[in-house]
Each structure stands twice: as C-alpha cells, then as structure tokens.
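# Please work out how this folds:
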Amino acid sequence: PTRRSPAEAVANDDAPRLETRRLSTLDADDPFATCLKDVSLAVRAGEILGVAGVAGNGQAELLSALSGETLSAPDCVLIDGKPAGGLGPRQRRELGMGFVPEERLGRGAAPELSLTENALLSAHARLGMVRRGLIHGGKARAFAERVIDVFNVATHGHHAEARSLSGGNLQKFIIGREVLQNPRLLVVGQPTWGVDAGAAAAIHQALIELARGGAAVLVVSQDLDELFTLSDRIAVLFHGRLSPAWPAHQTSVDEIGLAMGGSW
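Numbers count the residues shown, from 1 in each chain. Here you go, the predicted model:
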C-alpha cells in the first residue's frame with residue numbers, strides 16, 4: 001500500500017472521535033489478564049493511531065474496554081464526545097463505531113453461520129437490514145456479496161459458512177464488513193495476523209483509505225512494520241500502562257522496541 005505522509009492526517013484541534021480518560025480495569029477472573037492502569041488516548045478524524053506492545057501487556061483488555069465487552073465509568077470512554085464507558089457493543093456501534101476483534105472465528109465471525117448471516121450480525125442496524133423484528137434477507141445478501149466483491153474474498157458465495165474460508169480470506173471479509181459500513185471510528189485488533197502478503201496489503205490499503213475518508217482508526221498490533229506502514233502516531237502498552245503517542249515519522253522501530261520493554 002501507499003504509505004500516507006504525516007500531512008495527510010487531519011491536523012487540527014477538533015474534538016477526538018475516540019478518547020479514553022484514565023481508563024482502568026479491575027482484577028479479572030483470568031489469572032493471566034493484565035489490568036489497564038490509567039490509560040488515556042485520543043484519536044481524531046483522519047488519523048490512524050497505532051498501539052504496539054509485546055503480547056500480554058493489556059492489548060486484549062484494551063480492545064475489550066473499547067468495544068464495550070468490558071464496561072467502565074461513563075466518562076472513561078468517549079465516542080464523539082459522548083460518554084460511552086457504560087454502553088455495550090451495540091450502543092457503541094450506534095454511535096458510529098466499527099470493531100474488528102483479534103480472534104477471527106468465534107468473535108469476529110460465527111463459524112457455522114453463512115457470510116450473509118455474519119454480515120447481518122454487525123451491519124443490521126446501520127444498514128437497515130432488520131425492521132420491526134423482520135430480517136431483510138435481500139439487503140443482507142447484497143451487502144455480503146459487495147464485501148466479497150470489493151475485498152476479493154475467495155469463497156463459494158455468500159451462502160458459504162465462515163469456517164470454510166481460509167484465515168486470510170475470512171479476515172478480509174471481517175475487515176470489509178466493517179469498512180463498508182463507513183464507520184466514523186474503527187478499532188482493529190491484529191489486522192493482518194497470520195494472513196499472506198497479498199491479503200495484508202489489501203487490508204492495509206483499506207484502513208488507509210478509510211482514514212483518508214475522514215474516519216478515526218485505532219490499530220492494536222504486535223507487528224512494528226505494520227504500525228509504521230499505517231500509523232500517524234504510535235503508542236506502546238507495557239504492563240497495562242500506555243505511553244505517550246509519538247509521531248511515526250519522528251521515531252523509529254528501535255525506539256519503539258525499547259519502549260515495548262518499558263524504557264519510557
């Protein structure tokens with residue numbers, strides 16, 4: 001993909017599309033969970049914020065808190081200035097957020113459901129696929145077919161089960177399902193984990209184009225090359241704490257690598 005120059009990001013004093021204010025999480029039942037500690041960040045329209053870190057430093061907890069799977073105090077998460085910390089995933093989507101989880105099968109897509117049904121799961125409200133409790137099957141199929149076509153997803157058709165797709169093709173479908181809803185804000189976990197170079201390039205370009213169109217994008221990734229390809233600014237998670245966000249063109253892979261060890 002063509003890397004954006006820093007000048008392409010919207011540089012102004014507009015209110016953030018996504019903001020967290022001293023976001024913290026409590027001890028979880030999972031003994032391997034990493035609690036977030038006073039995480040503050042902001043992402044504005046037209047900007048891609050990358051979050052780096054070694055696995056297990058709070059990435060899963062941050063994604064859960066941003067998606068609405070884990071709730072917090074209302075003012076700890078704001079979407080377009082609206083308190084959203086106490087809202088669940090559906091309500092956050094109604095505020096304009098799209099979300100791509102790290103785990104493809106089981107969270108990003110229901111394995112036994114068709115691609116049409118999986119498209120319906122996250123797009124039904126925004127694209128008017130359900131009215132008065134009835135599913136508009138034609139709209140759902142048309143949207144699934146559009147995702148398949150635009151993102152060049154190799155599949156037998158919209159009726160194919162999600163589990164029948166290769167990892168790269170399923171990831172393209174999940175990314176495409178979110179991008180083609182034109183969200184004002186997109187949060188993505190590990191966008192190209194385990195996919196081939198061709199699928200990775202297509203996904204990167206889609207995220208870049210979404211930001212160029214005015215969306216705010218937050219990408220959580222362990223791949224530093226990916227973050228430097230995509231991001232306008234990069235922050236680091238370490239033991240549940242988030243570093244300042246540095247302009248990508250003013251830092252280096254070596255500096256971010258040191259920050260991943262807690263040097264900041």
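
# rest of the way, CA atoms for contacts and neighbours
Fine.

# By residue count, which helix of the protein is the longest?
Longest helix of the chain, by residue count under DSSP state H: helix 197-212.

# Now that one: buried residues?
Of all the residues in helix 197-212, those buried under the rule 16 or more other C-alpha atoms under 10 Å are 199-200, 202-212.

# Could you do stretch 255-264 as well?
Across stretch 255-264, burial judged by 16+ other C-alpha under 10 Å covers 256-257, 259-260, 262.

# Just the CA atoms of that stretch, as CSV, please.
Presented in CSV, the C-alpha positions along stretch 255-264 are these (Å, rounded to 0.1, in the frame of the first residue of the first chain):
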residue,chain,number,x,y,z
GLU,A,255,12.9,3.4,19.7
ILE,A,256,9.5,1.8,19.8
GLY,A,257,11.2,-1.6,20.5
LEU,A,258,12.9,-0.1,23.5
ALA,A,259,9.6,1.4,24.7
MET,A,260,8.0,-2.0,24.5
GLY,A,261,10.4,-3.0,27.2
GLY,A,262,9.2,-0.2,29.4
SER,A,263,12.0,2.4,28.7
TRP,A,264,9.6,5.3,28.5
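
# who's in contact with it?
52-54, 236-238, 243 (C-alpha atoms under 8 Å, 6 or more residues apart in numbering).

# mind listing the strands for the stretch 101-250 of the chain?
Using DSSP state E, counting those that start in this stretch, the strands of the stretch 101-250 of the chain run over 130-131, 134-135, 185-189, 216-220, 233-238, 241-242, 246-247.

# what's the angle from the longest one to strand 216-220?
The one in question is strand 233-238. Computed by axes from the mean of the first three to the mean of the last three C-alpha atoms, to 10 degrees, the angle separating strand 233-238 from strand 216-220 equals 40 degrees.

# Understood, closing this out.
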